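1. Below are the sequence and a predicted model for it; my questions follow.
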Amino acid sequence: MEDVSRADMQKDPAEVAGMFDATAKRYDLLNSLLSGGNDKLWRIHMQRAVRPQPGERILDVAAGTGASAAPMAKAGALVTALDISQGMLEEGRKRHADIEFVHGSAEELPFEDDTFDAVTISFGLRNVQHPRAALSEFYRVLKPSGRLVICEFSQPPVNVVRKGYELYLGTMLPGLAKVASSNPEAYRYLVESIRSWPDQQSLSQWIRTAGFTRVAHRNLTMGVVALHRGRKPTEQTAAMRVARHAQAEEQAD
């Protein structure tokens, strides 16, 4: 059987799922260790950006064991947690009875158009084989005026911070993973995927290209992580954008 303990940068879905299956039981504990506890702070910022309301339908993609979905469910939202890893979903179901866990791909969401009030994804878009296709799917399943919130590793804009972070990724993180994890190869993938991920401006442009408006980002932990937001426009707003675009083309002619 092929070793799927570590996915490569082609991000084959089966390999990514296998890698997370192998780390599911200790995944959240290791995340907390390797992030120096900052993962809890990032989830607080995520929760504030989403602003979940009682009765809202929220989709958390690449939800893992439900660590990011749980606070939204506690706030009264009806949360669906989707992940490609069956191992992660099994762990999540054991921990969170108030969350619906669904197996599926971010690139082909098993939901109808205009279903959710908000779509969130924390540290998962980077693992999707075709992230721009996933962004289009997020747009499709959101209701008009629905909210998109993405929390993802990013590129620190200050040079000295960027160099210090690169040193951590290249030396300290692999050392910690080797001591603490039964699958340190998975954390080699983590380092490679962070290094190859686009910066804040590039991801913002991807979000705009998918059709979202009011796109903005906020750096967390000096840009090690960035919180991206967008809105699916209402039909009226979308029609106005099309009309403005057509008018601009006429004037250019």
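-> Yep, that arrived. In this text, all values refer to a predicted model and were calculated from it rather than measured experimentally. Numbering: from 1, shown residues only.
2. doesn't V102 fall inside a helix?
-> No: V102: not assigned to a helix; according to DSSP: H, G, I helix; E, B strand; the rest coil it is strand.
3. Count the neighbours of it for me.
-> By other Cβ atoms under 10 Å, the residues close to V102 number 15. For every residue, glycine as well, the C-beta is placed using N, CA and C.
4. what's the answer for R147, then?
-> R147: 23 surrounding residues under other Cβ under 10 Å.
5. and it, what is it in contact with?
-> 50-51, 117-119, 229-231 (Cβ atoms under 8 Å, 6 or more residues apart in numbering).
6. Now stretch 95-112: buried residues?
-> For stretch 95-112, burial by neighbour count (16 or more other Cβ atoms under 10 Å) applies to 96, 99, 101, 105-107, 109, 111.
7. returning to what we had before: so how do I select the buried members of the contacts of R147 in ChimeraX?
-> To isolate in ChimeraX the members of these that are buried, counting by 16+ other Cβ under 10 Å, one can use:
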select :50,117,118,119,229,230,231
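8. Pick out the most distant pair among the buried residues of stretch 95-112.
-> For these, the maximum inter-member distance is 24.6 Å, found between H96 and E107 (Cβ to Cβ).
9. still on that earlier bit, in helices, which of the buried residues of stretch 95-112 fall?
-> Counting by DSSP state H, those place none of their members in helices.
10. Just the residues you listed: which are in strands?
-> F101 (DSSP state E).
11. Pipe the buried residues of stretch 95-112 into TSV and attach distance to I194 per row.
-> Shown next, in TSV, are the buried residues of stretch 95-112 (distance: Cβ to Cβ, whole Å):
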residue	distance to I194
H96	27
I99	27
F101	26
S105	22
A106	18
E107	21
L109	25
F111	29
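12. which of the buried residues of stretch 95-112 lies closest to L78?
-> Nearest to L78 out of the buried residues of stretch 95-112 is I99 (Cβ to Cβ; 9.2 Å).
13. ok, the closest one to L109 distance?
-> Distance from I99 to L109, counting by Cβ to Cβ, to the nearest Å: 17 Å.
14. Check V16 too.
-> Separation of V16 from L109 (Cβ to Cβ): 17 Å.
15. mind listing what the closest residue to W197 other than its chain neighbours touches?
-> The shortest distance from W197 to any non-neighbouring residue, by Cβ to Cβ, 6 or more residues apart in numbering, is to R126 (5.1 Å). Residues near R126 by Cβ under 8 Å, 6+ apart: 152-153, 193-194, 197.
16. ok, 6 Å please
-> By Cβ atoms under 6 Å, 6 or more residues apart in numbering, the contact set of R126 is 152, 193, 197.
17. Could I get the phi/psi values of it?
-> Main-chain torsions, R126, degrees, to the nearest 10: phi -60, psi -20.
18. how far away is it from M19?
-> Distance, R126 to M19, using Cβ to Cβ: 13 Å.
19. quick one, strands of the stretch 151-253 of the chain?
-> With DSSP state E, counting those that start in this stretch as the criterion, the stretch 151-253 of the chain has strands at 213-220, 225-231.
20. most tightly surrounded among those strands?
-> Of all the strands of the stretch 151-253 of the chain, strand 225-231 has the most neighbours on average by mean count of other Cβ atoms under 10 Å, namely a mean of 22.
21. That one: partners in the sheet, and parallel or antiparallel?
-> Strand 225-231 sits in its sheet next to strand 142-153 (antiparallel), strand 213-220 (antiparallel), going by DSSP bridges.
22. Of those, which is nearest L59?
-> Of all the strands paired with strand 225-231, strand 142-153 comes closest under Cβ to Cβ, at 8.4 Å.
23. could you give the mean pLDDT of the closest one?
-> Regarding strand 142-153, the rounded mean pLDDT is 97.
24. in that strand, what's buried?
-> Using 16+ other Cβ under 10 Å as the test for burial, strand 142-153 gives 142-143, 146-153.
25. What is the distance between that strand and the centre of its chain?
-> Distance of strand 142-153 from its chain centroid, counting by Cα atoms, centre = their mean, to the nearest Å, is 10 Å.
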